[in-house]
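Participant: let's see this in three dimensions:
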Amino acid sequence: IQSNRVIDTGIRYMLRQLSIGRVARKWRLDLVAKQLLGVDLDKDQDLRLSFRPGMQLTARHVSYMCADAAATAQLVEAMPNQFPTELYQLIGFIGLSDIARRGMHVDRNYLQTLHNDFSEKMAKNKETLAVFGYYAGESGNQKVLQQVLETIEHQLRALENNPELSFKRTEKKGDIQITDNSLAVMGNRTHPFIDAYKEAEHQQKILSTYLNESLVRDDNKVHPTFSPLVRTGRTSCSGPNLQNLPRTESIRGIYIPTPGYLLYASDYSQLELCALAQSCLVRFGESNMAHVINQGLDVHRWFAAQVVGKAHDIELVTDEERQMAKACNFGFPGGLGIKTFQYLAKNQYGVDLSEDECKDLKQFWLDFFPEMRQHFQPEADRGFSDENETRYIAETITGRKRRNAGFCSACNYQFQGLSADGARIALWYLWLNGFRMVNFVHDEVITELKDDERLQENIQRINQLMIYGMQQVIPDVQIKVEGALMRRWYKEAKPVIDKKTGRLLVWEPKAA
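Facilitator: The predicted model follows:
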């Protein structure tokens with residue numbers, strides 16, 4: 001790696017596509033070979049799935065393998081130049097591949113309990129839907145769904161005395177869009193059909209995506225597949241997606257450590273804001289956000305204190321006020337418009353704001369972090385812009401470029417991509433030091449630690465390596481890492497410190 005002799009053609013291809021503004025949604029060797037080499041690779045599904053350890057290879061098996069190897073070598077020649085941050089993606093992928101191989105242990109009994117619970121709830125919601133004549137999955141029922149929603153739409157107009165009120169519709173067919181955002185037109189009102197429909201869809205997704213027994217292998221573990229680079233600059237995960245589990249409903253509780261070990265979830269504190277501040281320092285020469293962070297302050301609490309007049313003592317800020325500031329600090333940097341921010345604040349942070357309040361908050365935010373006005377001026381991409389839409393060029397301070405980006409994507413890319421680079425470096429150092437990583441969730445690493453006399457030493461070492469890795473790309477903004485010890489994966493777990501010894505204790509959920 002140090003002499004650049006290890007090349008991942010998938011990573012290099014994605015970097016290439018980002019730099020020319022033609023980002024592929026997926027990397028697949030046969031598709032790329034066709035595009036860049038004009039070569040058709042045999043991807044016979046039956047043959048591809050017939051490989052087994054220790055099997056006697058046929059001529060077709062050997063030919064299949066040699067063709068893939070030859071195409072990979074030719075792709076290196078077709079893409080001879082190394083891209084900025086390519087090494088970060090490569091070393092991070094080594095860490096991710098180690099996580100995938102090791103897998104994450106599953107409590108099958110707990111999984112089955114949740115599966116039964118969600119199945120029962122979904123069946124009840126489907127009974128409600130059937131009262132309206134809608135049977136999910138049956139032929140012709142999409143038409144019934146549209147008819148039911150149109151009836152609800154007419155009822156809503158009458159209740160609100162507003163003939164213009166309507167659900168969002170698709171451009172081509174004019175059908176009502178079946179999304180939470182579209183159905184949110186009901187505001188604070190509820191309707192039994194819409195409630196049951198949304199809940200049944202959610203339950204079906206949970207059952208098929210996260211409670212699918214087929215994803216658990218014979219070793220009682222899931223072994224997810226990680227993609228080392230997607231268009232945002234981050235990683236992705238599937239089979240199952242351990243990076244995007246529901247925040248509620250105890251889905252994380254399925255996952256437990258290997259016997260004799262504890263789970264240690266270590267994550268960066270306000271990482272994306274640190275990355276945003278570092279990016280502004282390098283690009284514009286100043287950042288008030290960096291100044292706040294480097295004082296050791298919680299940016300959310302500090303900003304809330306400025307807004308509500310508690311700057312003299314930020315500890316007086318309430319949890320509700322901090323949540324409002326959190327919505328601002330995570331919503332505004334990505335360039336969200338007022339309407340979208342209003343929706344995000346309510347649905348993700350539980351903060352109900354009027355449109356005028358949202359406008360005032362954005363103005364406050366820009367006043368207290370004036371560097372952000374420059375942040376919201378990404379370079380226009382003339383090669384992809386036209387009279388109807390402006391496209392943008394985004395580039396991280398580590399040098400990874402993305403062309404043909406939308407405005408919000410360009411704003412997000414500057415700091416999300418930077419923090420992702422630092423996290424990849426941290427993964428590399430953790431792997432080099434032999435830690436048993438079992439999951440990676442963007443700004444959080446979950447490791448199995450043996451419950452022995454070296455436990456506290458290993459906790460400190462993990463924290464140090466994560467900070468050191470991130471400092472390679474964010475050297476001028478204070479980086480903090482904290483973690484929680486668990487016997488089962490819990491989203492709500494917090495660090496528990498023994499006041500006498502300073503040792504980290506195992507977090508336990510409160511008894512029901």
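Participant: every contact and neighbour count from this point should use C-alpha atoms.
Facilitator: Will do.
Participant: all strands for the protein, in order.
Facilitator: Assigned by DSSP state E, the chain shows strands spanning 104-105, 221-222, 225-227, 236-238, 261-268, 379-380, 392-395, 401-405, 436-440, 444-450, 481-486, 496-497, 504-505.
Participant: so what strands line up beside the longest one?
Facilitator: Within its sheet, strand 261-268 is paired with strand 444-450 (antiparallel), strand 481-486 (antiparallel), according to DSSP bridges.
Participant: what does that strand contact?
Facilitator: 256-257, 443-451, 459, 462-463, 479-489 (C-alpha atoms under 8 Å, 6 or more residues apart in numbering).
Participant: and the buried ones among those, selectable in PyMOL?
Facilitator: Once 16 or more other C-alpha atoms under 10 Å is used to decide burial, the buried members of those can be selected in PyMOL as follows:
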select buried, resi 256+257+443+444+445+446+447+448+449+450+459+462+463+479+480+481+482+483+484+485+486+487+488+489
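Participant: ok, and the closest non-adjacent residue to Pro224?
Facilitator: Once flanking residues are discounted, Pro224 sits nearest to Gly239: 4.9 Å by C-alpha to C-alpha, 6 or more residues apart in numbering.
Participant: pull out the buried positions in the helix or strand bottoming out on mean pLDDT in the chain.
Facilitator: The weakest-scoring helix or strand in the chain, judged by mean pLDDT, DSSP states H and E, is helix 180-183 (a mean of 72). Residues Leu183 are the ones in helix 180-183 that count as buried (16+ other C-alpha under 10 Å).
Participant: winner for burial among the strands of the chain?
Facilitator: Using mean count of other C-alpha atoms under 10 Å, the stretch among the strands of the chain with the greatest mean number of neighbours is strand 401-405 (a mean of 25).
Participant: could I get it in CSV with only the CA atoms?
Facilitator: Provided in CSV are the C-alpha atoms of strand 401-405 (Å, rounded to 0.1, in the frame of the first residue of the first chain):
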residue,chain,number,x,y,z
LYS,A,401,-13.9,16.2,-6.4
ARG,A,402,-17.5,15.7,-7.4
ARG,A,403,-19.0,17.3,-10.4
ASN,A,404,-22.6,17.6,-11.5
ALA,A,405,-23.9,17.9,-8.0
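Participant: in terms of secondary structure, what does it contact?
Facilitator: Where contact means 3 or more C-alpha pairs under 8 Å, 6 or more residues apart in numbering; DSSP states H and E, strand 401-405 is packed against helix 9-20, strand 392-395.
Participant: rewinding a little: could I get the strands paired with strand 261-268 as a markdown table with mean pLDDT?
Facilitator: Shown next, in a markdown table, are the strands paired with strand 261-268 (pLDDT from 0 to 100):
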| stretch | mean pLDDT |
| --- | --- |
| strand 444-450 | 98 |
| strand 481-486 | 97 |
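Participant: of all those strands, which lies closest to Ser50?
Facilitator: strand 444-450 (33.6 Å; C-alpha to C-alpha).
Participant: quick one: distance of stretch 129-142 to the chain centre.
Facilitator: 33 Å (C-alpha atoms, centre = their mean, to the nearest Å).
Participant: show me which residues of it are buried.
Facilitator: In stretch 129-142, counting by 16+ other C-alpha under 10 Å, buried: Leu129, Tyr134, Tyr135, Ala136.
Participant: run through who's touching it.
Facilitator: Contacts for stretch 129-142 (C-alpha under 8 Å, 6+ apart): Lys126, Val144, Leu145, Val148, Phe193, Ala196, Tyr197.
Participant: ok, now which ones touch Pro509?
Facilitator: Ala493 are the contacts of Pro509 under C-alpha under 8 Å, 6+ apart.
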